[in-house]
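*Asks:* What follows is a predicted structure for the sequence shown.
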Amino acid sequence: MLSRTADSLYWLSRYVERAEFVARILDAAHRLASLPTSYGGGETNEWHSALLSAGGEALFRAHHDAVNADTVGRFLAFSPNNPSSIRSCIETARENARSVRTALTTEMWDTINGAWLELRNYEGRDLSQEEFARFLDWVKSISLTFDGSAYRTMLRNDAYWFTRLGTAIERADNTARILDVKYQILLPASERVGGSLDYFQWTTILREVSAFNAYHWVYRESIKPMLVADLLILNRQMPRSFLNCYGQLVEHLDLIADAYGRRGPSQRLAGNLLARLEGDHIERVFASGLHEFVTAFIDENNRVGEAIATQYLV
């Protein structure tokens, strides 16, 4: 496979996954903003946390002064100045898909091209809160349809493996950012850990990553921060956990290495990180500092992405 084809497939999947992630953090911000003042809703900083989760605060500040539902919502959903806005992600995904049209199945292309066409119905309009919620649900459905189409219709060859790499590495980064932002800034200093607001926020985070039911199936007890972190970091059964994402990464990097007859830095870095995750315990993670652990993971995940790019995509 040509490196530019692998590059387009890899980034196509990353941008589809990123569009869904941004939709999820906007949905979570709206849920948190709707909290009654008695629960602390009037004192939280959910819109700032949404910016931090999306990694777009510096760029946002260059175009906006006020951080609120309107400015953050438009910036993360529709701004052409934000390369990680939902609009930009769908447009970039469609450009990557168009450049490798023959490597995709009809179902995958129809999903991305149809999303790009449908996006025009939402742009340039003042959406009500209900309309905006429907828009976010639509974005999430696009990602699910694309992912399902890839899983059900692609040959299990290098084209499929590179799409899986893009999804896994983007999903790992997104989960880490959600977890770190909640732990670091979302709960106001005046609110006690374990209080009603803390409980509601952790519940919202679980819903944001489609893990609320999974949490209760696995732990069968009330929401506890350490157990939420355990689910999202070290539980291999959880599709968005660090451990599951790296299990997927290592599996597909190994398949690529076997097919091409050569291993390299990406296999070594991903394998080392997977081994460390498999040998870790959530008590040790909290003892050493959850924020420090998660930021170190984000840095290592970026290094794996760079190694993949250098080894296969340049």
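*Replies:* Here it is on my side, so go on. Small disclaimer: the values here were computed from a predicted structure and weren't measured.

*Asks:* any idea how far residue 11 is from residue 17?
*Replies:* Using CB to CB, to the nearest Å, residue 11 is found at 10 Å from residue 17. All C-beta spots, glycine's among them, are computed from the backbone N, C-alpha and C.

*Asks:* what residues do the two have in common as contacts?
*Replies:* Contact criterion CB atoms under 8 Å, 6 or more residues apart in numbering; residues shared by residue 11 and residue 17: residue 166.

*Asks:* Share the number of residues neighbouring the closest residue to residue 177 other than its chain neighbours, please.
*Replies:* The shortest distance from residue 177 to any non-neighbouring residue, by CB to CB, 6 or more residues apart in numbering, is to residue 53 (4.9 Å). Using other CB atoms under 10 Å, residue 53 is surrounded by 28 other residues.

*Asks:* ok, now residue 306?
*Replies:* When neighbours are counted by other CB under 10 Å, residue 306 registers 13.

*Asks:* helix or strand for it, which one?
*Replies:* Here residue 306 is covered by helix 290-308, with elements defined by DSSP states H and E.

*Asks:* Off-centre distance for that helix?
*Replies:* Offset of helix 290-308 from its chain centre (CA atoms, centre = their mean, to the nearest Å): 14 Å.

*Asks:* What is that helix packed up against?
*Replies:* The contact analysis (3 or more CB pairs under 8 Å, 6 or more residues apart in numbering; DSSP states H and E) places helix 290-308 against helix 158-181, helix 242-260, helix 265-278.

*Asks:* now the second one and helix 290-308, what's the angle there?
*Replies:* By that I understand helix 242-260. 10 degrees (axes from the mean of the first three to the mean of the last three CA atoms, to 10 degrees).

*Asks:* And the residue nearest to residue 177, what's its pLDDT?
*Replies:* If you check residue 53, the pLDDT there is 82.

*Asks:* what angle do the helix or strand harbouring it and helix 158-181 make?
*Replies:* In this assignment (DSSP H and E), residue 53 forms part of helix 46-54. In terms of direction (the same axes, to 10 degrees), helix 46-54 departs from helix 158-181 by 140 degrees.
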